[in-house]
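**Q** Just to be clear, the model below is a prediction. Sequence and coordinates:
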Amino acid sequence: MLALAVGRGSFGQLVDTVVHERGGAPLHFVLAWVVEHAGGGLTGLRLLSALFAVASVPVVWALVRRLADERAAAVATLLAVASWTLLFHAVYARMYTLFLFTSALSYLALLHAQRDGGARRWTLWALAILLTVATHPYGALVLASQALYVLLTRERVREALVAFAAVAVVGIPFWIIDLVLAGRFGVGVGPGGATRLGRPDRVAEYLGRTAADFTAGPVVLPVVLVVAGIGGWWLWRERRRAALLVVAAL
């Protein structure tokens, strides 16, 4: 409802509110503005969220297939669609399925750009990652993981440097908007900061709950972790570059 309320005014008012007051996910607010002015309301925004959830499924399949093979892609996609996190956010009318779609697309575009090279491939990647950082502040983490992957593989570094530099410059409005959001919530890592978790056991507990939420629940989590471990070991032996992307993303 917040995104729809912000989108009830003119487009100029929307931009002013997001840039100077709220910060955060500009692409989500723009889409909410379109939905609101098209008369879709909350139902329309939920439908848009569901559409991006559905669109993410073939992208996840294509990404894992590119990293490993079709069987691994089938298993990974099955785990993704069985996750209550995906199902919940598919009807949550927020930016999270959009973030899943754009971030997965950016990883896939990066793999193609590094394999084939050329201005066209790198431009497509740049567009995908810019959509990602425009969707959520965590897009900066996606971008950082991809930069780390390029450094680890040391392939097409010159082409990548040009593309990453272009993204850094074109993305300046998004970095500013992210700083506005961070300023509103006092995000930090010091005492009282939003990212402070405390003791290592609490961190481990949090990571365990998160892993369960993003797979298929706590009951089958041990099986998922074992399968993931076996898959990671196979990937490191057979497809080192793909394993490096997984390590960078983690």
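**A** Looks like it arrived, so ask away.
**Q** would you list every one of the helices in this protein?
**A** In the chain, the segments counted as helices under DSSP state H are 2-6, 11-17, 26-37, 41-67, 70-82, 84-90, 96-116, 119-135, 139-153, 157-170, 172-185, 200-213, 221-238, 240-249.
**Q** Got phi/psi on residue 94?
**A** Backbone dihedrals for residue 94, given as degrees, to the nearest 10, come out at phi -120, psi -160.
**Q** Return the most buried member of the helices of the chain.
**A** Highest mean neighbour count among the helices of the chain (mean count of other C-beta atoms under 10 Å): helix 96-116, with a mean of 22. Using the backbone N, CA and C atoms, a C-beta is placed for each residue, glycine as well.
**Q** How far does that helix sit from its chain's centre?
**A** Offset of helix 96-116 from its chain centre (C-alpha atoms, centre = their mean, to the nearest Å): 9 Å.
**Q** Between helix 119-135 and it, find me the angle.
**A** Here the directions of helix 96-116 and helix 119-135 differ by 160 degrees (axes from the mean of the first three to the mean of the last three C-alpha atoms, to 10 degrees).
**Q** Can you give the contact residues for stretch 163-177?
**A** Contacts with stretch 163-177, where a contact means C-beta atoms under 8 Å, 6 or more residues apart in numbering, come from 18-19, 23-24, 26, 113, 122-123, 125-126, 129-130, 133-134, 139-140, 143, 147, 150.
**Q** circling back: I'd like the helices of the chain laid out as a markdown table, including mean pLDDT.
**A** Output for the helices of the chain, formatted as a markdown table (pLDDT from 0 to 100):
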| stretch | mean pLDDT |
| --- | --- |
| helix 2-6 | 78 |
| helix 11-17 | 83 |
| helix 26-37 | 89 |
| helix 41-67 | 92 |
| helix 70-82 | 86 |
| helix 84-90 | 86 |
| helix 96-116 | 94 |
| helix 119-135 | 95 |
| helix 139-153 | 92 |
| helix 157-170 | 93 |
| helix 172-185 | 80 |
| helix 200-213 | 75 |
| helix 221-238 | 82 |
| helix 240-249 | 85 |
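**Q** how far away is the residue positioned nearest the centre of the chain from residue 63?
**A** The chain has residue 103 as the residue nearest its centroid, 3.7 Å off, counting by C-alpha atoms, centre = their mean. Counting by C-beta to C-beta, to the nearest Å, the gap from residue 103 to residue 63 is 10 Å.
**Q** repeat for residue 219
**A** Per C-beta to C-beta, residue 219 is found 27 Å from residue 63.
**Q** can you check residue 81 too?
**A** Using C-beta to C-beta, one obtains 14 Å as the distance from residue 81 to residue 63.
**Q** Residue 172 now?
**A** The spacing between residue 172 and residue 63, counted by C-beta to C-beta, is 28 Å.
**Q** can you check residue 72 too?
**A** With distances taken as C-beta to C-beta, residue 72 is found 11 Å from residue 63.
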